[in-house]
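[1] Need a 3D model of the following:
(chains A and B)
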Amino acid sequence: MSTATSPRTTDAVTTPRTTTAPGKTPGLAPGGVPVLGHLPMILRSRFEFIETVRNAGPVTRVKLGPKTAYFVNDYELLAQILVSDADKFVRGIHFKKMRNMVGNGVVTTSGDLHRRQRRIMLPSFSQRRLAMHLPVMRQIMAEFVASMPERQPYDLMGPVMGVGCDIVTSTMLGEKTPPEVLRLVREAVPVFVENAAIQAVDVTGVYKHLPTKSNRDFERLLNAFNEYMYSVIDDKFRNGAGEEAGLLDMLINATDPETGEKFDRTEVRDQAATILLASTETTANTISWACYELARHPRIFAECRAEIDALVKDRDWTDIEIGRHDLPALKRVLFEALRMYPSSYLLSRQASVDTTLGGYAIPKDAAILYSHYGQQRDERNFPHGDEFDPDRWLDKDGGEVTASAFMPFGFGAYRCLGESVATLEATYCLAMMIQHWDFALSDFSEPKMNATITLSPKDLKFLFTKRAESGAHDE
Amino acid sequence: MSDLEVRVDRDMCVGSGQCLISAADHFGQDIEGYVELLPDAPTTDLATNEEVQEAVEKCPSGALSWHRPDQI
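    All right, here's what the predicted structure looks like:
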């Protein structure tokens, strides 16, 4: 593997490659400095970095200190990396960093192992199974929405992550899960997420050995989480998995097709931890960003509310099902929030062989970077891309939208398993909130995009007020 | 006029499972994680079945496609 290159980083230079792949060398992206390359820009602002390299060609080189990475800006080449040539591009370093918490779950594995793990997990995520879990999910969300505080600056992220934790815990472990376990998970997950975020930027790898409070909390909660999970898993191994066949039961019963072996207890725990880590901050981001835009766009809010009122009438939320064709305006709001604020905003792969991409040579072991955020804000794909405009989705084949460039849940073999769950959760949660509360942004907040593991809102606080009664009900 | 059918091309499948998520009565995954048409799946009126439409539309690899049985 050739990582030693000369420190000349002027734009016009094409550094001699030692790869045997045919194809031309991609140009160097602008914005780099001598020696450190693009690192200063990345550390200053990931979004500035993504937007700067976006116009440097379909494939462009970036320098991370002495290391070269290849940034892919073309969604058709991305389809090649993620689908047709997926076997040549394995998971990148982003994912390796998560292993200390999630081990070898579907987010961190590649290739044959990944496909077999995914095959076992998938049936639990089908629309059919989702329909079974809907009543529990609806109940948890309805209780949350009813308990939101009124007229005080309120950050949605923590509470909505708590809702996500409760949903995963209840559907994985069953409705009779003791409340102290729900509390443990709700306390543990934000700490895991924060710790993963710190480790992700710690290029030295030293952080996790330091006796900081964050590390101590992480250790304590990870131990408590593992202790509880293993007690449940070991009990099921001994006494047989339940008939209800929730996700945990399916993992325990699953058999490897070639060896006939089952997942061991560690592997079962890993998948459970993976789901918790992957689903909570991500969904909370989307709901928060959608609320942010709804607070800023009263006409769109009113349109969504009118739709919801027409669907709900005077029924209780425990009786409501949002059908495939219901609430189209709200669904467009969700699409637009996913387009502008995709939780997974910067991802990576690693070339497993010498190969070519769009005529460019990609050497074996090269790091590939790509950004759904960059793609989905690109004017060429989405005119006035920095504007929140849900109506652009009225015509998916029209000029305002490039459907093939819209990949907030990824694409191909590693595409998010939980897309249907996340979409369901966000749709119901937003519908309940819009029906119940008026939205405003708190004066005490200056929201910004924060680039950690996911694209989270920073300093986003709302003021929710109970919806005003309009007097006698009309017929 | 014969019903439209879904052609399943296992060689193109990448194992994403989108079809299973959308239409679990029609599509499953074989032991390697690639698409298979379920043996008990309904075979009539597929073109108007919204779940199957979604499965074909969302397939990332093109392994699923519509065709007439008399087409090659």
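
[2] Residue ranges of each domain in chain A, please.
    For chain A, automatic domain parsing gives the domain ranges A:1-94+A:346-379, A:104-344+A:408-466.

[3] Residue 23: neighbouring residues, count only.
    If you meant another chain, say so; for now it's chain A. By other Cβ atoms under 10 Å in any protein chain shown, 17 other residues sit near A:G23. All C-beta atoms are positioned from the backbone trio N, CA, C, and that covers glycine.

[4] The intended chain is chain B.
    26.

[5] Can you give me every residue that contacts it?
    Residues in contact with B:A23, defined by Cβ atoms under 8 Å, 6 or more residues apart in numbering or on different chains, are B:49, B:51-52, B:54-55.

[6] that older thread, nearest to A:T402, out of the domains of chain A?
    Ranking the domains of chain A by proximity to A:T402 (Cβ to Cβ) places domain A:1-94+A:346-379 first, at 7.4 Å.

[7] Could you tell me which residues within stretch A:368-386 count as buried?
    Buried residues in stretch A:368-386, counted by 16 or more other Cβ atoms under 10 Å in any protein chain shown: A:368-378, A:381-382, A:385.

[8] Show me what the helix or strand encompassing A:F335 is packed against.
    Using DSSP states H and E, A:F335 falls within helix A:328-340. Under the contact criterion of 3 or more Cβ pairs under 8 Å, 6 or more residues apart in numbering or on different chains; DSSP states H and E, helix A:328-340 touches helix A:265-296, helix A:298-312, helix A:372-377, helix A:419-436.

[9] rank those by pLDDT, which is bottom?
    Among the helices and strands packed on helix A:328-340, helix A:265-296 carries the lowest mean pLDDT, a mean of 93.

[10] Could you figure out how far that one is turned away from helix A:298-312?
    Put simply, helix A:265-296 runs at 120 degrees to helix A:298-312, going by axes from the mean of the first three to the mean of the last three Cα atoms, to 10 degrees.

[11] Now do the longest helix seen in chain B: distance to the chain's middle.
    Ordering each helix of chain B by length in residues (DSSP state H) puts helix B:50-58 first. How far helix B:50-58 lies from its chain's middle: 8 Å, per Cα atoms, centre = their mean, to the nearest Å.

[12] Please apply the same query to stretch B:53-62.
    Centre-to-centre, stretch B:53-62 and its host chain are 8 Å apart (Cα atoms, centre = their mean).

[13] does that stretch come close to chain A?
    Yes. Using Cβ under 8 Å from any Cβ of the partner chain, we find that stretch B:53-62 touches chain A at B:60-61.

[14] Send me that stretch as PDB with only the CA atoms.
    Extracted in PDB, the C-alpha atoms of stretch B:53-62 (Å, rounded to 0.1, in the frame of the first residue of the first chain):
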ATOM      1  CA  GLN B  53     -44.900  -2.300  -6.400                       C
ATOM      2  CA  GLU B  54     -42.900  -0.800  -3.600                       C
ATOM      3  CA  ALA B  55     -40.500  -3.800  -3.500                       C
ATOM      4  CA  VAL B  56     -39.800  -3.600  -7.200                       C
ATOM      5  CA  GLU B  57     -39.300   0.100  -7.100                       C
ATOM      6  CA  LYS B  58     -37.000   0.100  -4.000                       C
ATOM      7  CA  CYS B  59     -34.800  -2.700  -5.200                       C
ATOM      8  CA  PRO B  60     -31.300  -1.100  -5.400                       C
ATOM      9  CA  SER B  61     -29.800  -3.600  -7.800                       C
ATOM     10  CA  GLY B  62     -32.400  -4.100 -10.400                       C
END
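
[15] which stretch in the domains of chain A has the least confidence?
    Across the domains of chain A, domain A:1-94+A:346-379 has the smallest mean pLDDT, namely a mean of 83.

[16] returning to what we had before: just give me the closest of the buried residues of stretch A:368-386 to A:L36.
    Looking across those and measuring by Cβ to Cβ, the closest to A:L36 is A:L369, at 16.6 Å.

[17] Next one: the closest one relative to A:K331, how far apart?
    31 Å (Cβ to Cβ, to the nearest Å).

[18] Next: A:Y207.
    41 Å.

[19] Also A:S288?
    Look at A:S288 and A:K331: by Cβ to Cβ, they are 18 Å apart.

[20] Helices of chain B, start to end?
    B:18-22, B:50-58.

[21] What parts of chain B come near chain A?
    Close to chain A, as judged by Cβ under 8 Å from any Cβ, chain B has residues B:14-18, B:20-22, B:24-25, B:29, B:31-33, B:50-51, B:60-61.

[22] Out of those residues, which end up buried?
    B:14-18, B:20-22, B:24, B:29, B:33, B:51, B:60-61.

[23] Tell me which of those has the lowest pLDDT.
    B:G33 (86).

[24] isn't that residue right up against A:L113?
    No. With contact defined as Cβ atoms under 8 Å, B:G33 does not count as touching A:L113 (10.3 Å).

[25] For chain B, give me the ranges with low pLDDT.
    B:1-2, B:71-72 (pLDDT under 70).

[26] okay but A:D270 is in contact with A:V106, surely?
    No. A:D270 lies out of contact with A:V106 (Cβ under 8 Å); the separation is 9.1 Å.

[27] residue ranges for the strands of chain B, please.
    Secondary structure of chain B, counting by DSSP state E: strands at B:5-8, B:27-29, B:35-37, B:64-67.

[28] Return the list of helices and strands in contact with the second one.
    If I follow you right, that is strand B:27-29. Using 3+ Cβ pairs under 8 Å, 6+ apart, the elements in contact with strand B:27-29 are helix B:18-22, strand B:35-37.

[29] Counting neighbours, which bits of the shortest one end up buried?
    Within strand B:35-37, the residues that qualify as buried by neighbour count (16+ other Cβ under 10 Å) are B:35-37.

[30] what does chain A put close to chain B?
    Going by Cβ under 8 Å from any Cβ, the residues of chain A near chain B are A:79, A:82-84, A:86, A:115-116, A:118-119, A:122-123, A:125-129, A:257, A:324, A:411-415, A:417, A:419-420.

[31] Just the buried subset of those, please.
    Buried among those (16+ other Cβ under 10 Å): A:79, A:82-83, A:86, A:115-116, A:118-119, A:122-123, A:125-127, A:129, A:411-415, A:417, A:419-420.

[32] CA atoms only: put stretch A:269-288 into CSV for me.
    This file holds the C-alpha atoms of stretch A:269-288, laid out as CSV (Å, rounded to 0.1, in the frame of the first residue of the first chain):
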residue,chain,number,x,y,z
ARG,A,269,-25.6,-8.7,22.7
ASP,A,270,-23.7,-7.0,20.0
GLN,A,271,-26.7,-6.9,17.7
ALA,A,272,-28.9,-5.5,20.5
ALA,A,273,-26.3,-2.8,21.3
THR,A,274,-25.9,-2.0,17.6
ILE,A,275,-29.6,-1.3,17.2
LEU,A,276,-29.7,0.9,20.3
LEU,A,277,-26.8,3.0,19.2
ALA,A,278,-27.8,3.2,15.5
SER,A,279,-31.5,4.1,16.0
THR,A,280,-31.7,6.7,18.9
GLU,A,281,-29.7,9.8,18.1
THR,A,282,-30.4,9.5,14.4
THR,A,283,-34.2,9.5,14.7
ALA,A,284,-34.1,12.2,17.4
ASN,A,285,-32.1,14.4,15.0
THR,A,286,-34.7,14.0,12.2
ILE,A,287,-37.6,14.8,14.5
SER,A,288,-35.8,17.8,15.9
